[in-house]
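**Q** I would like to see how this sequence folds:
(one chain, ligands or ions: 1)
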Amino acid sequence: MNFQQIEFYTSFGVSSQLPGESTPEIVFSGRSNVGKSSLLNKIAGRKNLARVSSMPGKTATINFYTAAPGYFVDLPGYGYAKVAKTEKQRWAQLMEHYFHSQRDIRLVIQLVDMRHPPSADDLNMINFLIDGGYPFLIALTKSDKLTKNQQAKRLEELAGEIPCGDQVTLVPTSAQTGVGIETLREIIEDVFID
Ligand code: GDP
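**A** Below is the predicted model of the structure:
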């Protein structure tokens, strides 16, 4: 798979059409500021494919990228405290619409900041994925901010903090050092081929 050829395709808002449903998709999910845009850019080997936001909580859209043979789907970040109630409702509406259309979701890459226990919103999302039977893994972001010892400790703790944490694949990543990026690329290629 040629990760350098990933391109922005379209944004899905409440009033627009979702792209076709039979194309395999890799979904990226996480709270605002977790490092989702940075990770997407790193996987694609590009600087500005996804916008790294200095302003979290911007209007929610689901962004689709062509990543032959499928799509990368960037879900709007959640959990930004200052977002208005109407915007939260919009987010929920978008998510419902997306997940309730019949889609070929091959993998959800759920991002969690490696330094902290998952937030209540993270846990909601993870439980939603478990309940819906969606295949997912957890990409732990910003691992460069921890020492090797701290990382080992957090990995152990996270296995207990995440629902079914001992059965979920946890991949430490860093958009800064590139740790974990090749692992994610290999997993993505595998699930696209299957
Ligand atoms: P998003 O809101 O989830 O898309 O998060 P962004 O990608 O915009 O990143 C939020 C902030 O975290 C930015 O200041 C990034 O530079 C920083 N950041 C993202 N990934 C990493 C990482 O792996 N390591 C470090 N040290 N900072 C990161």
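
**Q** Only the buried residues of stretch 39-56, if you could.
**A** For stretch 39-56, the buried set under the neighbour-count rule, 16 or more other C-beta atoms under 10 Å, comprises 39-44, 49-50. For every residue, glycine as well, the C-beta is placed using N, CA and C.

**Q** Ok, stretch 102-112 next?
**A** In stretch 102-112, counting by 16+ other C-beta under 10 Å, buried: 103, 105-112.

**Q** ok, now stretch 19-39?
**A** Residues of stretch 19-39 classed as buried: 19, 23-39 (neighbour count, 16+ other C-beta under 10 Å).

**Q** and if you look at stretch 178-193?
**A** Of the residues in stretch 178-193, 179-181, 184-185, 187-188, 191-192 count as buried by neighbour count, 16+ other C-beta under 10 Å.

**Q** For it, output the C-alpha coordinates as PDB.
**A** Extracted in PDB, the C-alpha atoms of stretch 178-193 (Å, rounded to 0.1, in the frame of the first residue of the first chain):
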ATOM      1  CA  GLY A 178       7.700   7.800  14.600                       C
ATOM      2  CA  VAL A 179       7.500   5.000  17.200                       C
ATOM      3  CA  GLY A 180       4.700   2.600  16.300                       C
ATOM      4  CA  ILE A 181       4.000   4.100  12.900                       C
ATOM      5  CA  GLU A 182       5.400   1.100  11.000                       C
ATOM      6  CA  THR A 183       3.400  -1.300  13.200                       C
ATOM      7  CA  LEU A 184       0.200   0.600  12.500                       C
ATOM      8  CA  ARG A 185       0.900   0.600   8.700                       C
ATOM      9  CA  GLU A 186       1.500  -3.100   8.700                       C
ATOM     10  CA  ILE A 187      -1.800  -3.800  10.600                       C
ATOM     11  CA  ILE A 188      -3.700  -1.400   8.200                       C
ATOM     12  CA  GLU A 189      -2.300  -3.300   5.200                       C
ATOM     13  CA  ASP A 190      -3.200  -6.600   6.700                       C
ATOM     14  CA  VAL A 191      -6.900  -5.700   7.400                       C
ATOM     15  CA  PHE A 192      -7.300  -4.000   4.000                       C
ATOM     16  CA  ILE A 193      -6.100  -7.200   2.300                       C
END
